[in-house]
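*Asks:* Requesting a structural model of the entry that follows:
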Amino acid sequence: MGTKNFWKTWCWLIALIIILLIAGILILLRGNEDTWIKDDNGSWQKHGNPSASIPAASATVSPSKSSVTNSTESLTEKAQNGDDWAIYKNYKYSYLIEYPKNQTIENYTFDDAEKKLSLENAKCIKISSKYTSVTIQARNTEPDIDCIGGGFGQEWGKAPDEQVMASGVQYTAKGMKTESASAGYYQDNYSFVTASGEVIVYTINVNEKYDDQMTKAQAKELVHKIIASFNPAE
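*Replies:* Numbering: from 1, shown residues only. The predicted model follows:
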């Protein structure tokens, strides 16, 4: 009789242990009932009755875009050229360049698939104002006539060579130009290929006679300053 009661007690004890183990596993799988849960939109939602306050908001991610007037990089980093300049970074093709905040930067392509890419991943970008422009085609990409242009007949390459600095390296740029000193009109178009493989095309377009906001010399100085800030990732 004593032996029978002993085994009966052990059976109840083992059953109780099994029940407790199952209950513990279920609690672990279900997690904390009283907590904050982040939904698909990144917002915190109350689950149960949490004792803790809502978690602090996380840093937001910049939305995708194909054309902007000021890169979001300018909000978080300071350009070496001063507070009036912004920083553009291309994460896909690994380079950066600074530009005046009053200029426009855009995903400069006519390819529908490329247009859908964010500015930070664009194969071709253009920084421009009324007087200057700088266009960059990323390294290791197929030549894009819509991006960098093809010149106008045999005029391309007929202008005197021009020396330009980019990332601390001096390059010889080839180009074409149209000018009429008597009318005060000047248009220069130059291009060169960097050591890292980017094709850079830059232009100036001024009329000193009818627009006194910028001279040819000032436009040239500005566009060279933009290009000098170009820096490919190592």
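*Asks:* only C-alpha atoms for contact and neighbour calcs from this point on.
*Replies:* OK.
*Asks:* what about the strands in the protein?
*Replies:* Along the chain, counting by DSSP state E, strands occupy 35-38, 44-47, 67-68, 85-90, 95-100, 104-107, 124-128, 132-137, 162-166, 169-180, 185-193, 199-207, 231-232.
*Asks:* can you tell me which of these the model trusts least?
*Replies:* Between the strands of the chain, the lowest average pLDDT goes to strand 67-68, which shows a mean of 42.
*Asks:* And the protein, what are its domain boundaries?
*Replies:* Domain assignment for the chain, taken from automatic domain parsing, gives 2-47, 67-232.
*Asks:* Please identify the deepest-packed of those.
*Replies:* Ranked by mean neighbour count, those are led by domain 67-232 with a mean of 17 (mean count of other Cα atoms under 10 Å).
*Asks:* Name the surrounding residues that touch stretch 198-215.
*Replies:* Here stretch 198-215 makes contact (Cα atoms under 8 Å, 6 or more residues apart in numbering) with 130-140, 148, 183-194, 216, 219-220, 223.
*Asks:* Once you drop chain neighbours, what's closest to the residue most central in space within the chain?
*Replies:* What sits nearest the mean C-alpha location of the chain, by Cα atoms, centre = their mean, is E120, with 2.4 Å. Excluding the flanking residues, the one nearest E120 by Cα to Cα, 6 or more residues apart in numbering is N90, at 4.5 Å.
*Asks:* any idea how far that neighbour lies from V134?
*Replies:* Counting by Cα to Cα, to the nearest Å, the gap from N90 to V134 is 15 Å.
*Asks:* And for D161?
*Replies:* For D161, the distance to V134 (Cα to Cα) stands at 17 Å.
*Asks:* and if you look at Y190?
*Replies:* Distance, Y190 to V134, by Cα to Cα: 10 Å.
*Asks:* swap in T215?
*Replies:* On the measure of Cα to Cα, T215 and V134 end up 18 Å apart.
*Asks:* T178 too?
*Replies:* To V134, T178 is 18 Å away according to Cα to Cα.
*Asks:* Next: E77.
*Replies:* Taking Cα to Cα, one finds E77 at 21 Å from V134.
*Asks:* likewise K220?
*Replies:* K220 sits 12 Å away from V134, going by Cα to Cα.
*Asks:* ditto for E106
*Replies:* According to Cα to Cα, E106 and V134 sit 11 Å apart.
*Asks:* Which residues are in contact with each of those two?
*Replies:* Common contacts of E106 and V134 (Cα under 8 Å, 6+ apart): K126, I127.
*Asks:* my read: A173 touches F192, true?
*Replies:* Yes. Applying Cα atoms under 8 Å as the test, A173 and F192 come out as touching, 4.9 Å apart.
*Asks:* Identify the residue spatially nearest to M176, adjacent ones excluded.
*Replies:* Leaving aside its sequence neighbours, M176 sits nearest to A159 (Cα to Cα, 6+ apart; 4.5 Å).
*Asks:* The one you found is in contact with E179, isn't it?
*Replies:* No. Between A159 and E179 there is no contact under Cα under 8 Å: 11.1 Å.
*Asks:* partner residues bridging Y88?
*Replies:* Y88 has these beta-bridge partners by DSSP bridges: I97.
*Asks:* wait, it sits on E98?
*Replies:* Yes. Contact criterion Cα under 8 Å: Y88 and E98 qualify, at 6.1 Å.
*Asks:* In contact with the nearest residue to A122 once chain neighbours are set aside: list those residues for me.
*Replies:* Once flanking residues are discounted, A122 sits nearest to N107: 5.9 Å by Cα to Cα, 6+ apart. Contact analysis of N107 by Cα under 8 Å, 6+ apart lists S66, S67, K115, S118, L119, A122, K123, C124, I125, K126.
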